[in-house]
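A.B. asks: Provided below for reference: sequence and predicted model.
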Amino acid sequence: MRFDSLIIGGGLAGLVCGIRLAEAGLRCAIVSRGQSALHFSSGSLDLLAELPDGTPVDFPLKVLDTLKQQAPEHPYSLMGTDNVRRYATESEALLARCNIMLTGSYQQNHLRITPLGTQRATWLSPVEIPVAPLPWQRITVVGIAGFLDFQPELVAGSLAENNINVKTAELTLPALDTLRNNPSEFRAANIARVLDKPEQQLLLIDELKTLAQHTDALFLPACLGVDDSQSWQNISHQLPCPVCLLPTLPPSVLGMRLYHQLRRRFQQLNGIMMPGDAVVRTETHKQNISAIFTRNHAEVPLRANHYVLASGSFFSNGLEAKFSGIREPIFGLDIRAPALREEWCHEDFFSPQPYLQAGVAVDKYFQPTIGGQRIENLYAIGSVLAGFDPLQQGCGAGVSMTGALHVAQRILESQGAAHESA
């Protein structure tokens, strides 16, 4: 099978890159093992929340020069300030084209309310998530009877510290009894599949109308809208006060929805998804990848003009930690990581961990090397890259999206040059 571009990894970086290439008319395929990290995310997208030295960031683009001084190998530093600005802008436009409803701007971080009721700086958030400063004086935090992945009392305790009158309540929802009787199945995604049914929404609205009396807003666990926000909108329009959703423990409905919307857009553009598949072998010829072979396609080679590695970090097996060191298992790409194993971690569990900055070494075009030699038609994007800590720096989604668009632009320029020479 032949493609213009072939992407390995169907997470945020891979999907955004694929969408941009498919929008430009390229024949593009994504090989994906299965669930991506998006299924476990809050649904919010970070650009840059903190510098490596711990300094909080309010205006991400204004600190990129400082970031380059502190972390010259950070993907933003390699890409350059102008490109970060350009691709952050384009990221917001691309998400809008996918009909993904978000609030926020790359120009300034906002503070979203977390599942613990605290505040966290971020770039973009689903419109259902409440954002500080909260405009309400009276809030009711509503849990679901028997649902352990959301604790209303913890949320209420944090909100009360901001001089808000907070109370808690509980929904019974008899339609959930079947799930409730099996704790391993009583998860947000399964609850949402029940509550997204129109007849169950009517029952939910009836319970919420009672709780909506004498309060300014209701905060619920995000157990609505696996595919889109229509369920939340339907319910919100029929209540006398705003309804906000807070992410739960994974799997996350808001993260799953983001994944489904991106994948839907990619396939609408005639992009080809190869889910549940994995690369088992690659072929290289004259510093170019000539073919890859996957588990599901056996001896059928997948060939492309350009290949993009978006396989993720340790969580997605895009990186592997062995006794001999950290490695990238598909191509055997050069890695940047602490030399000694004892340097991978700090004893303080809550301090930034060095291994999180390990990953594939790339140049300013996000092209990796093998044995110091650049592979001309291969790029790497997303959390497989070295040089940044997505947790401490709050930049995982930003690195994934801006890097994906950076590489997509490079591929489009290469395709244009090839067509002109032909």
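C.D. replies: Now that the structure is in, tell me what you want to look at. No experiment lies behind these values; they were computed from the predicted model shown.
A.B. asks: pLDDT below threshold where in the stretch 301-422 of the chain?
C.D. replies: Along the stretch 301-422 of the chain, segments meeting pLDDT under 70 span 417-422.
A.B. asks: now do 80
C.D. replies: Within the stretch 301-422 of the chain, the ranges that satisfy pLDDT under 80 run 349-350, 415-422.
A.B. asks: who's in contact with the closest residue to residue 391 other than its chain neighbours?
C.D. replies: Spatial nearest neighbour of residue 391, excluding adjacent residues (CB to CB, 6 or more residues apart in numbering): residue 356 at 6.4 Å. Every residue, glycine included, has its C-beta placed from N, CA and C. Residues in contact with residue 356 (CB atoms under 8 Å, 6 or more residues apart in numbering) are 313, 389-392.
A.B. asks: Quick one: buried ones out of those residues?
C.D. replies: 313, 389-390, 392 (16 or more other CB atoms under 10 Å).
A.B. asks: I'd like those laid out as TSV, including secondary structure.
C.D. replies: Converted to TSV, the buried ones among the contacts of residue 356 look like this (DSSP: H, G, I helix; E, B strand; the rest coil):
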residue	secondary structure
313	coil
389	coil
390	helix
392	helix
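A.B. asks: Just name the closest of the contacts of residue 356 to residue 247, please.
C.D. replies: Of all the contacts of residue 356, residue 391 has the smallest distance to residue 247: 15.9 Å, by CB to CB.
A.B. asks: where does that closest one land in three-state SS?
C.D. replies: Residue 391, by the three-state scheme (three-state DSSP), is helix.
A.B. asks: Next: residue 403.
C.D. replies: helix.
A.B. asks: Measure how buried it is and give me the count.
C.D. replies: 29 (other CB atoms under 10 Å).
A.B. asks: Look up how far residue 362 lies from it.
C.D. replies: 9 Å (CB to CB, to the nearest Å).
A.B. asks: what do those two both touch?
C.D. replies: Common neighbours of residue 403 and residue 362 (CB under 8 Å, 6+ apart) are 75, 385.
A.B. asks: that older thread, need phi/psi at the residue nearest to residue 391.
C.D. replies: The phi/psi pair for residue 356 (degrees, to the nearest 10) reads phi -70, psi -20.
A.B. asks: repeat for the one 4 residues further on
C.D. replies: For residue 360, the backbone dihedrals are phi -70, psi 130 (criterion: degrees, to the nearest 10).
A.B. asks: got JSON lines for the buried ones among the contacts of residue 356, with distance to residue 351 too?
C.D. replies: Below are the buried ones among the contacts of residue 356 laid out as JSON lines (distance: CB to CB, whole Å):
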{"residue": "313", "distance to residue 351": "19"}
{"residue": "389", "distance to residue 351": "11"}
{"residue": "390", "distance to residue 351": "15"}
{"residue": "392", "distance to residue 351": "9"}
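A.B. asks: quick check, nearest of those residues to residue 339?
C.D. replies: Once CB to CB is applied, the member of the buried ones among the contacts of residue 356 that ends up nearest residue 339 is residue 389, at 18.1 Å.
A.B. asks: Would you check that the closest one makes contact with residue 352?
C.D. replies: Yes: using CB atoms under 8 Å, residue 389 is in contact with residue 352, at 5.3 Å.
A.B. asks: tell me, what's touching the two both at once?
C.D. replies: With CB under 8 Å, 6+ apart, residue 389 and residue 352 have common neighbours residue 52.
A.B. asks: State the distance from the closest residue to residue 19 other than its chain neighbours to residue 15.
C.D. replies: Leaving aside its chain neighbours, residue 19 sits nearest to residue 266 (5.1 Å; criterion: CB to CB, 6+ apart). Distance, residue 266 to residue 15, by CB to CB: 6 Å.
A.B. asks: Common neighbours of those two, please.
C.D. replies: residue 30.
A.B. asks: For the protein, which helix or strand comes out least confident on mean pLDDT?
C.D. replies: helix 396-421 (a mean of 86; mean pLDDT, DSSP states H and E).
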